[in-house]
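**Student:** For reference, the sequence and a predicted model appear below.
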Amino acid sequence: MKNSGLIFIALLMSTPGFAITIDTDEPRTIVADRIEYDFRSETLKTSGNTEIVNESGQRMTLTDSYITQSGAELSGSDIKMWLGNHVYVSSDNITRRGDLTVARNATFTACDDCDAYGDAWEITTYKIIHDMERRMLEFYSPVLRTYDLPIFWLPYFEMPDPGVRYKTGLLMPDFESTNKMGTQINVPFYISISDTHDMTVTLSYLTQENPLFQLEHRLNADYSEYRTSGSFTHNKAGENRWHIFNDDIIELGDNARATIFLERTSDKTYLQKYGFYGDQPYLDSGATLELFGQSSYVVADTHIFQELRNGDYASNRYSAPDGNILPNIRAVHQTAPLFGETYATFGADMLGISGDGTSSQRLIGDARLTTPWTLWGGNRITASVSTRYDLYHFDNTLLLGNDIYSGFKHRFLPSGYLEWGLPMFRASDEWTQTLEPRARITVMRHLDKEAFALSNDSAGTILTDSTLFSDNRFSGLDLWENGTYADYGVRWSAFNPTGHMVEVFVGQSYDFTDRPAIDLNSGFHNGLSDYVGRIAYTYPELVGLSTRFRLNQDTLALNHMETSANIGSSRNFLNVGHIWSRNLSEDWTENTDINEAVIGAGLQLTDRWSMRWNAIYNIEVHEFQRHTGGFFYTHPCYYLSVEYRRDNAIKEDYVGTTTFQFRFGMAINGQQY
């Protein structure tokens, strides 16, 4: 019975078109015109067209092959071996011994059937060695061809096989050219430490400056991630210039999270000169600890700042930050409904600030009771009462009124508000409309000289549509609204089933008590404020328009307007942002009227060619602050871009530069190199 079974198997294996799966550590399926199996040597011999597919999906076609059952040895001719989607090696002859596969007179490409004009790129070579243990492809005397045209030759080249996600080695260089430092060649070297831990070291050669060294480090742990980047150069002037940015997020369980952040640089202009600047006015370093529950939240954070602005801006105490924050702790707890929908909110705040020989500490405790009601006819009433107690300690600190003070101060700040709203709806098959008038009256303890601590975390106030109906219209906690004021406005909106939406809001504020100090640019006055509002329109996937404005309370003259428009799709678009603000008082601002536009545009020239451009333009002085643009080509097998950046900033030893950058890279199985 046993012998007859073996004969039956041998007969099946010699049948044309028969497929067999070899049961090894990595199973393979072999399909051939004819398969012969030698029981003694445990080898397979195929005749005619043969296809071999292993468990990982790699596929090989060849003619007249010889294969051991374990797959450790293989030989054949007219071979094409697929290593991934659109990735294959073709060869006149291939042999395999153990972990080494040798292909002679071979062609390698990752662009099989990606382009109607032929393979976008391929490498031809007299020999390729695929080392499975190292997971590397070695090319001997390779020639890179684009659409069958030879581009360049190398004596030797190696790269990871397409099945490798991460591999240490050189990445594709890119090139830049600036009018200040000449041509810059960036050569990145990637270091793979593990699947979740890697870094990139980049050496930048500059023709008119000394070399620049860059480092990016990335680590992902089970419940945390760590990101660090930095650079260093010793320039021709003999200066050491550098920067380091770090951002770590550490999950401490279901209810806690810690972050550590570091931003430092050697001087104010280094980031701009070497292209690391992101318009940040200052650098912020510190740490944050967050604790959160179902209805409670606690955050503790510290901040150490490095000023990047020019001296005039840095000395302006109205443009926070002022000093280092060590520490800031804020806790909030909201109760479940006490009765009906009434709930209570409790808060505590501790802040310490130090710098330039001054320091201050603040301790705040507050409690609020809020009760919302829905009455007949859809009327909504919300009543709220709160109390707050502040305790301060100052050491040589500048207070409101330009007084330098050391010692303790305290204040008691009770307040409350009553708010009414009446949302009204009108529905139809074409448009649904809503109209909601809204009003709030806020009563606070009237303060004058006690409104101290200007240099802590407050930075004044600007009246906008979002400032109305807020508990405290100042930014921060140290400056405090005075007395009693009322906010009122009306909102109308309409939308239809196709997604079109229109919104209009207009509102105003009224102060019943005189304000101790009035910045005319803020929009507040004694009595009636300016009018504020917003208008928005959305046409799904085509148009998005919105504008926020402020009108003079007497003449309706335009004092402030912010507008944004998004027109088009993700491929072809025009984005315009504009801000205009009338300067009514030079005591609080440095320049004349603000009149600035941000413009971005994109045009898809073909399926693969696109153009992008964006700019910040100062209309008041008729010049660009910055503009960038470029052409981009995206192919399934490679990408390239040519971009420029023009920065017109002038700061200390930095004068705006123009930079051109060229990037090129290959993509294999969607992974870029």
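**Tutor:** Cool, the structure landed. Numbers count the residues shown, from 1 in each chain.

**Student:** what sits against the residue lying closest to Leu558 once chain neighbours are set aside?
**Tutor:** Closest residue to Leu558 apart from its sequence neighbours, by C-beta to C-beta, 6 or more residues apart in numbering: Leu551 at 6.1 Å. The C-beta positions use only the backbone N, C-alpha and C, and glycine is treated the same way. Leu551 sits next to Asp530, Tyr531, Val532, Gly533, Ala557, Leu558, Asn559 when contact means C-beta atoms under 8 Å, 6 or more residues apart in numbering.

**Student:** can you redo those residues as JSON lines with pLDDT?
**Tutor:** Below are the contacts of Leu551 laid out as JSON lines (pLDDT from 0 to 100):
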{"residue": "Asp530", "pLDDT": "94"}
{"residue": "Tyr531", "pLDDT": "96"}
{"residue": "Val532", "pLDDT": "96"}
{"residue": "Gly533", "pLDDT": "96"}
{"residue": "Ala557", "pLDDT": "92"}
{"residue": "Leu558", "pLDDT": "92"}
{"residue": "Asn559", "pLDDT": "92"}
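
**Student:** Secondary structure for those - can I get that in CSV?
**Tutor:** What follows is the contacts of Leu551, written out as CSV (DSSP: H, G, I helix; E, B strand; the rest coil):
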residue, secondary structure
Asp530, coil
Tyr531, strand
Val532, strand
Gly533, strand
Ala557, coil
Leu558, strand
Asn559, strand
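
**Student:** Which one of the residues you listed is nearest to Val502?
**Tutor:** Closest approach to Val502 among those (C-beta to C-beta): Gly533, at 13.6 Å.

**Student:** How about the contacts made by that closest one?
**Tutor:** Asp465, Gly489, Val504, Phe505, Val506, Gly507, Arg548, Phe549, Leu551.

**Student:** In which helix or strand does the closest residue in space to it that isn't next to it in sequence reside?
**Tutor:** Distance criterion C-beta to C-beta, 6+ apart; nearest residue to Gly533, sequence neighbours excluded, is Val506 at 4.0 Å. Using DSSP states H and E, Val506 maps to strand 501-511.

**Student:** What residues of that strand count as buried?
**Tutor:** Val502, Glu503, Phe505, Val506, Gly507, Gln508, Ser509, Tyr510, Asp511 (16 or more other C-beta atoms under 10 Å).

**Student:** got the contacts of Gly533 as a markdown table, with pLDDT and distance to Glu623 columns?
**Tutor:** Formatted as a markdown table, the contacts of Gly533 follow (pLDDT from 0 to 100; distance: C-beta to C-beta, whole Å):
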| residue | pLDDT | distance to Glu623 |
| --- | --- | --- |
| Asp465 | 91 | 31 |
| Gly489 | 97 | 38 |
| Val504 | 97 | 35 |
| Phe505 | 97 | 35 |
| Val506 | 97 | 35 |
| Gly507 | 97 | 36 |
| Arg548 | 95 | 26 |
| Phe549 | 95 | 26 |
| Leu551 | 95 | 29 |
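
**Student:** Name the member of the residues you listed with the shortest distance to Arg145.
**Tutor:** Taking C-beta to C-beta as the measure, Arg145 lies nearest Arg548 of the contacts of Gly533, at 56.5 Å.

**Student:** tell me the angle the helix or strand the closest one falls within makes with strand 501-511.
**Tutor:** Element membership of Arg548 [criterion: DSSP H and E] is strand 543-551. Counting by axes from the mean of the first three to the mean of the last three C-alpha atoms, to 10 degrees, strand 543-551 lies at 20 degrees to strand 501-511.

**Student:** what's the distance between strand 543-551 and the middle of its chain?
**Tutor:** Per C-alpha atoms, centre = their mean, to the nearest Å, the displacement of strand 543-551 from the mean C-alpha position of its chain is 26 Å.

**Student:** how about it as PDB, C-alpha atoms only?
**Tutor:** What follows is strand 543-551, C-alpha atoms only, in PDB (Å, rounded to 0.1, in the frame of the first residue of the first chain):
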ATOM      1  CA  VAL A 543     -16.200  77.900  -1.900                       C
ATOM      2  CA  GLY A 544     -15.800  79.000   1.800                       C
ATOM      3  CA  LEU A 545     -16.000  82.600   2.700                       C
ATOM      4  CA  SER A 546     -15.900  84.300   6.100                       C
ATOM      5  CA  THR A 547     -15.300  87.800   7.500                       C
ATOM      6  CA  ARG A 548     -15.200  89.300  10.900                       C
ATOM      7  CA  PHE A 549     -15.600  93.000  11.300                       C
ATOM      8  CA  ARG A 550     -15.800  95.900  13.700                       C
ATOM      9  CA  LEU A 551     -17.700  99.200  12.900                       C
END
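
**Student:** Can you give me the buried ones in it?
**Tutor:** For strand 543-551, using 16+ other C-beta under 10 Å, the buried residues are Gly544, Leu545, Ser546, Arg548, Phe549, Arg550, Leu551.
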